[in-house]
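Chemist: The following block contains a protein sequence and its predicted model.
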Amino acid sequence: MDAMKPLADLNLEWLRVFQRVAQTGAMTAAARSLCITQPAVSHAVAQLEDRLGMRLFDRSTKRISLTPEGELLFGITSRMFKVLESGTRELRWFLDERSTVLRIGCPFLILHKFLTPFLSAFHQNHGNVKIQLEIENRMEPMLDLVREDKVDLLFLATPRPGPVDEGLEHCQVGAYRYGFVASRAHYGRLQGRRLTLEDINRHPIIILRPGNNTRDWLERAFADAGLKLNVQVETKTMAETDEFVRAGFGIGAVMLDVPEKAAEPGGDVFEVKTRKTVPQGRYLAVYRKGTLLTAAAREFLAGVRRGIAP
């Protein structure tokens, strides 16, 4: 075999054939998959081995297997074709923006609390764009949606400063604060007063189950005050929390708007004010570093950042 040639100088089709043989474990299966003849597959592999100066497959058994050199090249070509697939997708967005898709990931809470008006406004202006939603409530699986290119944009809420992941980009698109709400019919006596955390803890508390930012932050805040959170009802979503609050089961721990919205006159639910200032959290849009956002994603993100929603 000759001295190894640079990978950049190799025939892309040879690498594609090698990739498929490595995946299927057989020349015949690879040929069938690529819609070419088996001799053409054998020739491409032989040419590749000759140019690289190394054996890529062990052919001593019925099912061919990769040599150590082949394993290394397979990892390289897998990454390479993934980049090419991503590049193809990006080019298609620019070539035909009329038939496009907006892929959004978020927890149900953000969809319910923040994102729905923006999606509605975007749909009104871009009815030709198909919107795909991925709902995930756990932080790491949420971030995986971006890392694995399953969504264009991920929207999440966090009380922490700084990046959510060093390998991802983000921008702030809004703010929120933690607070408490109660049913006017059952807890109207608390309206207009400013309570300490100890005062609030004398009442049953309705809160999301462990593993989310709201629960984590409030447990720390109460612990700092020497209190154990008086949880009486645990919920899966803020919508459930709202239902239990309206039914009078207790005081609900929720996320509230920033800036603060005026309470509805005569509404069923009111905010239970606290003496202690509650820190704000951030709504973030998260996306992959070094990846050009699709036209639809850029337009949607721009609208969210400008606050364009009904």
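Modeler: In hand now; what should we look at?

Chemist: Any stretches of this structure with poor pLDDT?
Modeler: 1-3, 93-99, 259-266, 308-310 (pLDDT under 70).

Chemist: Identify the residues contacting A40.
Modeler: Contacts of A40 were listed using C-beta atoms under 8 Å, 6 or more residues apart in numbering, and they are V17, A31. (C-beta placed from N, C-alpha, C; glycine too.)

Chemist: quick one, helices of the stretch 201-310 of the chain?
Modeler: 213-224, 238-246, 295-306 (DSSP state H, counting those that start in this stretch).

Chemist: Let me know which of the ones you listed is the nearest to R32.
Modeler: R32 sits nearest to helix 295-306 of all these, at 36.7 Å, using C-beta to C-beta.

Chemist: now what about that closest one, what contacts it?
Modeler: 93-94, 97, 100-104, 115, 118, 121-122, 126, 129, 152-153, 155, 171, 173-174, 285, 287, 293, 309.

Chemist: Could you pull out the buried residues of the longest helix seen in the chain?
Modeler: Determined from DSSP state H, the single longest helix within the chain is helix 68-95. Residues G70, L73, F74, T77, M80, W93 are the ones in helix 68-95 that count as buried (16 or more other C-beta atoms under 10 Å).

Chemist: centre of the chain versus it, how much separation?
Modeler: Offset of helix 68-95 from its chain centre (C-alpha atoms, centre = their mean, to the nearest Å): 22 Å.

Chemist: Could you identify the helix or strand that succeeds it?
Modeler: On the C-terminal side of helix 68-95, the closest following helix or strand by DSSP states H and E is strand 101-106.

Chemist: what packs against whatever helix or strand comes next after that next one?
Modeler: For strand 101-106, the following helix or strand on the C-terminal side (DSSP H and E) is helix 108-110. On a contact count with 3 or more C-beta pairs under 8 Å, 6 or more residues apart in numbering; DSSP states H and E, helix 108-110 meets strand 153-158, helix 238-246.

Chemist: Pull out the buried residues from helix 108-110.
Modeler: Buried, per 16+ other C-beta under 10 Å, within helix 108-110: L109, I110.

Chemist: Stretch 174-183 too?
Modeler: G174, Y176, R177, Y178, G179, F180, V181, A182, S183.

Chemist: of all the helices and strands packed on helix 108-110, which lies closest to C35?
Modeler: strand 153-158 (36.5 Å).

Chemist: got the CA positions of the closest one in PDB?
Modeler: Extracted C-alpha coordinates of strand 153-158, given in PDB (Å, rounded to 0.1, in the frame of the first residue of the first chain):
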ATOM      1  CA  LEU A 153     -34.400  26.500  20.400                       C
ATOM      2  CA  LEU A 154     -34.900  25.500  24.000                       C
ATOM      3  CA  PHE A 155     -36.700  27.800  26.400                       C
ATOM      4  CA  LEU A 156     -36.200  27.300  30.100                       C
ATOM      5  CA  ALA A 157     -36.400  29.200  33.400                       C
ATOM      6  CA  THR A 158     -33.500  29.400  35.900                       C
END
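
Chemist: Against which helices or strands is it packed?
Modeler: Using 3+ C-beta pairs under 8 Å, 6+ apart: strand 153-158 touches strand 101-106, helix 108-110, helix 139-147, strand 280-288, helix 295-306.
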